[in-house]
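A.B. asks: Need a 3D model of the following:
(one chain, ligands or ions: 1)
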Amino acid sequence: MAQINDNFIKIPATYLFSEIAKRVNQHKEANPDAPIIRMGIGDVSLPLPDASVDAMIKAAEEQRHADTFRGYGPEQGYAFLRDAIVANDFAAKGLSIEADEIFVSDGAKSDTGNIGDIFSVNNRVAITDPSYPVYVDTNAMGGRAGEPNEQNVWSNLVYLPCNVANNFVPQLPTEKVDLIYLCYPNNPTGTTLTHAQLKVWVDYAKANNAIIFFDAAYEAFITEENVPHSIYEIEGATEVALEFRSFSKTAGFTGTRCGYTVVPKAVMAFAENGEKVALNKLWNRRHSTKFNGTSYVVQRAAEATFSPEGKKQVKALIEFYTENARIIREGLEKAGYTIYGGKNAPYVWAKAPEGMGSWEYFDYLLKEKNIVTTPGAGFGLSGEGFVRFSAFGSREATIEAMKRLS
Ligand code: MLT
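C.D. replies: Numbering: from 1, shown residues only. Have a look, this model is predicted:
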């Protein structure tokens, strides 16, 4: 008798953004002419940088000829891209990361979801609340989350509430944890940690033999000083932290797919017999077994974001969305909303009107204003009473949405 992984029937039947897409499609079917503005999922609206497109065309041409054709590449990524990442994202900022500590992938979603493969189900997992749903859902799938209650709070997860009362800064857990998910600039709240606030977590991890999963997918949107772009800016982090990066939000690769994970060779965890094992070795084994590498053409496109032209074009994309975020922040404030985030991140976290739940307000905005947001409750219990606005839309749609809400 074939048996399923029962954890899959404990999790909500649909992934958050699939549920939202379903509701939006229902609304669209019932109102085919509705002028819908999408500020829900963080999907970019501007095209890829020219430098990346040119690189893809050139790489595609290479694939046409036997002497330049490439078949299977290294699962970890081509040296040209790993070296460019090291030089531009780390060495240029005085951070010492080596090319064999970079694992190129099809995006940070896959990597943050798959990383659990190399950890025991017995680990105690801490997750900021609210958080990107992939962290909770994949721990639940892997059997590390225990049982959910009716509010979808899992018995074995340690939630780290991030709310107005603590200024969205997670406090250290009162019980010992082994794996810690941190995403900064934060999805969904758009808030940040300072170096000192992040150092608290690195120190905790070192003192408790814990590992930090640092999701830095939104680092390119940081505008303020004293906000770390990488966890490796914190002393000692190369011993306790893995970092996830993405070209999706930075360079418009949401559909093209490319990201990478940094697994420093010094990061160790323990086998059941107490032996120390390098996570770099394990992740390499996992990655080369379950993944055959990001396509050559896409890796060339990613490499091109580090060329002088590519850098200029990426900067322009980031500035465009940052300006959208400012328009949203100011528009919502003017309309009387209480808002957070949006200064170092493409997301603005807005309080729903008093007495209205996240999903209720999401439905109201969809049906009455034709604006798609993301309900805060979809990111966890502490997200209840909020909705998230994404700044990745067109300028016209962003301005129009603020008009509708004023
Ligand atoms: C989001 O809207 O939270 C992100 O776009 C989702 C993702 O990156 O997968």
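
A.B. asks: Once you drop chain neighbours, what's closest to the residue in the chain positioned nearest to the ligand?
C.D. replies: Using CB to the nearest ligand atom, residue 42 is the residue of the chain that sits closest to the ligand, at 3.1 Å. For every residue, glycine as well, the C-beta is placed using N, CA and C. In space, and not counting its chain neighbours, residue 42 is closest to residue 390: 4.9 Å by CB to CB, 6 or more residues apart in numbering.

A.B. asks: secondary structure class for residue 196?
C.D. replies: Following DSSP: H, G, I helix; E, B strand; the rest coil, the label given to residue 196 is helix.

A.B. asks: Give me the neighbour count for it.
C.D. replies: Per other CB atoms under 10 Å, the neighbour tally for residue 196 reads 10.

A.B. asks: ok, now residue 55?
C.D. replies: If you count neighbours by other CB under 10 Å, residue 55 ends up with 23.

A.B. asks: and it, what helix or strand is that in?
C.D. replies: helix 50-62 (DSSP states H and E).

A.B. asks: Dump the C-alpha coordinates for that helix into PDB.
C.D. replies: This file holds the C-alpha atoms of helix 50-62, laid out as PDB (Å, rounded to 0.1, in the frame of the first residue of the first chain):
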ATOM      1  CA  ASP A  50      19.400  45.000 -21.400                       C
ATOM      2  CA  ALA A  51      22.800  43.700 -20.400                       C
ATOM      3  CA  SER A  52      21.100  40.500 -19.200                       C
ATOM      4  CA  VAL A  53      19.000  40.100 -22.300                       C
ATOM      5  CA  ASP A  54      22.000  40.700 -24.600                       C
ATOM      6  CA  ALA A  55      24.000  38.100 -22.600                       C
ATOM      7  CA  MET A  56      21.100  35.600 -23.000                       C
ATOM      8  CA  ILE A  57      21.000  36.200 -26.700                       C
ATOM      9  CA  LYS A  58      24.700  35.700 -27.000                       C
ATOM     10  CA  ALA A  59      24.600  32.500 -24.900                       C
ATOM     11  CA  ALA A  60      21.700  31.200 -26.900                       C
ATOM     12  CA  GLU A  61      23.700  31.700 -30.100                       C
ATOM     13  CA  GLU A  62      26.600  29.700 -28.500                       C
END
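
A.B. asks: Quick one: distance of it to the chain centre.
C.D. replies: How far helix 50-62 lies from its chain's middle: 26 Å, per CA atoms, centre = their mean, to the nearest Å.

A.B. asks: hang on, the earlier thing: since we're on the residue nearest to residue 42, how many residues are nearby?
C.D. replies: Using other CB under 10 Å, residue 390 is surrounded by 27 other residues.

A.B. asks: Next: residue 312.
C.D. replies: Residue 312 has 12 neighbours, counted by other CB under 10 Å.

A.B. asks: Could you say which helix or strand holds it?
C.D. replies: Residue 312 belongs to helix 308-334, assigned by DSSP H and E.

A.B. asks: Not counting sequence-adjacent ones, nearest residue to residue 83?
C.D. replies: The spatial neighbour of residue 83 that comes closest, neighbours along the chain excluded (CB to CB, 6+ apart), is residue 99 at 5.5 Å.

A.B. asks: Surely that neighbour and residue 81 touch.
C.D. replies: No - shown here, residue 99 and residue 81 do not form a contact pair, counting by CB atoms under 8 Å, at 9.4 Å.

A.B. asks: ok, the two, which is more surrounded?
C.D. replies: A count of neighbours by other CB under 10 Å puts residue 81 above the other of residue 99 and residue 81, at 28 against 15.

A.B. asks: What are the phi and psi values at residue 37?
C.D. replies: Main-chain torsions, residue 37, degrees, to the nearest 10: phi -110, psi 120.
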